[in-house]
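Trainee: Here's a sequence, model it:
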Amino acid sequence: MTFFKKYRPHYQTNLALAIPVVISQLGHTLVQFSDSVIVGHFAGTISLAAVSLANSIFIIVMVIGIGISYGSTPLIAQLNGRSDFDECGKLLSNSLFINLITGVLLFAAIAGCSSFLLEHLHQNNAVMLQAKPFLILLGLSVIPMLVFNTFKQFAEGLGFTKQAMLISIWGNVLNICLGIIFVKGLFGVSPMGIKGVGYSTLIDRCVMATAMGFYVFNSSRFKKYLESFVFTRVSWERCLQILRIGAPVALQYAFEISAFSGAAILIGTIGYHEQAAHQVAINLASMTYMMASGLSAAAAIKAGNHFGANDHQNLRHSAISSYHIVLMFMLVTACIFTLGNQLLPWMYTTDKVVISIASQLLIIAAVFQLFDGTQVVGLGILRGMGDVNLPTFITFLAYWVFGLPVGYLLGIIFNLGVKGIWYGLTLGLMVSAILLFLRFQFISKKHRDKTIAIIAQD
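Mentor: Prediction:
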């Protein structure tokens, strides 16, 4: 117990900051969860496979956008640690500009490439035909999602996390209600099938963006930060400052998520039952991942505060306490996946073939929970310290040199099927978690020892 005593003060403060962020982050995945449940029960297995195919492409775009929007958070946290309120407002102006441009470009990429890309992935024709219009609607929703994220990351960088959480909760309630109405065709609305959840997601994200922007601009707690906010005052120097962190973070997420998307496409060549089962299992795993990502975002904010204040001893204690928290959390979710592997898939579908395959995948997901949680928290801590380039290489190495190639080898070449592909993904997460922790230990000790040496000289 003596070992944990030095971390104890950080557990409560980190959790107080993290819990609203976790719930807010979960909102991104709950949109996909509700889409999958509504489609699985009201539109059938082929439609559920189409959701899997569209989401496997869209999620790459989504995490690229989210990653770029994260570029402002550690900078805001560091500036706030130095009480530089004026610069915080200027960074918000530039962050909003960058995220709007990013959203438009990402939508254009999806709109321009979706038909060509889907037709060359060797997927089931019925699945592909339903996936196309759904993917376009998801792509359009990226623009309001990044506007919401702009204000969310600004507020969270300053330590205000609850409002984004509340907006995310009510946004998901709206998404579920509209999704059921549009898919089933209630209250005089014609049944839309899979397109219905696309429209509900788009409307939900527009409402959330408007609500979050209204909150930031009308709350008295942000007035001293917004005095320097002018949307048209774009500074290329500040934009580059945000992108130096945001672009590598986007690549980090893209390398990981694209490996899972590549796995979904490989699984689609095996069969649509396997693809639907993959959607069930990966959607459940994605919810726990996004919750761990919320812990990671909080760890990045705390690391940024301590790094900006040059307090490297507390930075290490705070970071290691975040590792402890995520390990305990992911241990709980691993137990839930193991004990509920036969029951959880019923939330999505009544297809017994899909349920049987998904229940096996959830056992594998239980194993990689600990690796998934520790690697994403490691990325957050390093991001808060401004260390993003080497972690980006680590994520590429873990998922595209180890994870996906081994998954292809086991699943396709050695005929282990969908489970073989998931074994490869588990290996990638393990490699990423270990290397990122070693990187954190090296760079945090280096900064701490350097600070101690300077104090000793004085």
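Trainee: which stretches of the stretch 51-200 of the chain have low pLDDT?
Mentor: Scanning the stretch 51-200 of the chain with the threshold set as pLDDT under 70 gives 81, 83, 114-124, 191-192.
Trainee: where do the helices sit along it?
Mentor: Assigned by DSSP state H, counting those that start in this stretch, the stretch 51-200 of the chain shows helices spanning 72-81, 85-119, 125-157, 162-184, 194-218.
Trainee: For Val418, find the nearest of those.
Mentor: Val418 lies closest to helix 125-157 among those, at 15.8 Å (CB to CB). C-betas here are computed from N, CA, C, even on glycine.
Trainee: tell me what the helix or strand encompassing Gln279 is packed against?
Mentor: Assigned by DSSP states H and E, Gln279 belongs to helix 272-308. Contact analysis of helix 272-308 by 3 or more CB pairs under 8 Å, 6 or more residues apart in numbering; DSSP states H and E lists helix 8-42, helix 45-69, helix 72-81, helix 125-157, helix 236-268, helix 312-339, helix 352-384, helix 417-457 as its packing neighbours.
Trainee: at 6 Å what do you get?
Mentor: Secondary-structure packing of helix 272-308 (3 or more CB pairs under 6 Å, 6 or more residues apart in numbering; DSSP states H and E): helix 8-42, helix 45-69, helix 72-81, helix 236-268, helix 312-339, helix 352-384.
Trainee: could I get those as a markdown table with mean neighbour count and distance to Gly417?
Mentor: As requested, the helices and strands packed on helix 272-308 are arranged in a markdown table below (neighbours: other CB atoms under 10 Å; distance: least, CB to CB, whole Å):
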| stretch | mean neighbour count | distance to Gly417 |
| --- | --- | --- |
| helix 8-42 | 21 | 21 |
| helix 45-69 | 26 | 16 |
| helix 72-81 | 25 | 40 |
| helix 236-268 | 21 | 8 |
| helix 312-339 | 19 | 20 |
| helix 352-384 | 24 | 9 |
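Trainee: With Thr102 as the reference, name the closest of those helices.
Mentor: Between Thr102 and those, the shortest separation by CB to CB is 5.3 Å, and it involves helix 45-69.
Trainee: Run through the neighbouring helices and strands of that closest one.
Mentor: Contact here means 3+ CB pairs under 6 Å, 6+ apart; on that basis helix 45-69 packs against helix 8-42, helix 85-119, helix 125-157, helix 236-268, helix 272-308.
Trainee: Minimum distance to Ser261: which of the helices of the stretch 51-200 of the chain has it?
Mentor: Taking CB to CB, helix 85-119 is the member of the helices of the stretch 51-200 of the chain nearest to Ser261, at 11.3 Å.
Trainee: Now do the helix holding Gln279 against helix 236-268, angle only.
Mentor: Calculated by axes from the mean of the first three to the mean of the last three CA atoms, to 10 degrees, helix 272-308 forms an angle of 150 degrees with helix 236-268.
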